[in-house]
Structures are given as structure tokens and as C-alpha cells.
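> Quick one: sequence and predicted model below, then my questions.
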Amino acid sequence: AEHQDDRVKVSAAWRRAIETGQLFEADGRIWSQAAGEVRPFSMRAAPLLEGDGTVREWVGTLADTHLEREAEQERRKLERQLQG
């Protein structure tokens, strides 16, 4: 389940996407049973449209971004060390 602090933000982004038919994008935190901890995630969904332009369905992804965030932190740390 989503972290309670992120629920309002993610829900609002989803409502905007539904109302506008635009791409849904949200980041937050979610419990990872496999990792046994709360992990950052990135969620994206795109509407698939009918011929008349109405939304037929949404297709999306939910990605654990923990490793990407760790790598970015390490990159920044190395940059600081090199700049010195």
C-alpha cells in the first residue's frame, strides 16, 4: 500500500489524469514485501483511446526506484569529492 503521506498527492494526480485524459505520473513511497521496507516508486499510466477520443483503458507501470535513487546519490557524492 502507498505510504499514507503520499496517498493524497498520488490520488490527486490520478484524478487529474482521469478528468483530463492526460498522462498520469506520480512518485511516492510504497511498502515492498520483498525488501521488507518502504521503497520509493515511480508510477506512469497512459490512456488508450477509442476512435471518438474517449478513454477505453489505462496502461501503466509501477517501478521501484530505490536503486536509481541510490545510484544518483552516489554519483553526486563522487562529484563533490572530485570538485573537492
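Arrived safely, thanks for sending. Values in this document were obtained by computation on a predicted structure and should not be read as measured data.
> for residue 61, helix, strand, or coil?
Put simply, residue 61 is strand when judged by DSSP: H, G, I helix; E, B strand; the rest coil.
> Just give the number of residues close to residue 78.
Applying other C-beta atoms under 10 Å, we find 10 other residues in the vicinity of residue 78. To be clear about C-beta, it is placed using only N, CA and C from the backbone, and glycine gets the same treatment.
> Point out the other helices and strands that the helix or strand hosting it packs with.
Per DSSP states H and E, residue 78 falls inside helix 66-83. The helices and strands touching helix 66-83, judged by 3 or more C-beta pairs under 8 Å, 6 or more residues apart in numbering; DSSP states H and E, are strand 37-49.
> Other residues contacting the strand it packs on?
For strand 37-49, contacts defined as C-beta atoms under 8 Å, 6 or more residues apart in numbering pick out 3, 10, 17, 21-32, 55-66, 69.
> Buried ones among the residues you listed?
10, 17, 24, 26, 28-30, 66 (16 or more other C-beta atoms under 10 Å).
> List just the nearest of those to residue 84.
Nearest to residue 84 out of the buried ones among the contacts of strand 37-49 is residue 66 (C-beta to C-beta; 28.5 Å).
> roughly how far apart are the nearest residue to the closest one once chain neighbours are set aside and residue 74?
Counting by C-beta to C-beta, 6 or more residues apart in numbering, residue 66 lies nearest to residue 39, which is 4.6 Å off, once chain neighbours are set aside. To residue 74, residue 39 is 17 Å away according to C-beta to C-beta, to the nearest Å.
> Give the residue from those two that has the larger number of neighbours.
residue 39 (17 against 10).
> mind listing what's buried in the helix holding residue 78?
Within helix 66-83, the residues scored as buried using 16+ other C-beta under 10 Å are residue 66.
> just to revisit the earlier point, bridging across strands, which residues link to the residue nearest to residue 66?
With DSSP bridges as the criterion, residue 39 is bridged to residue 30.
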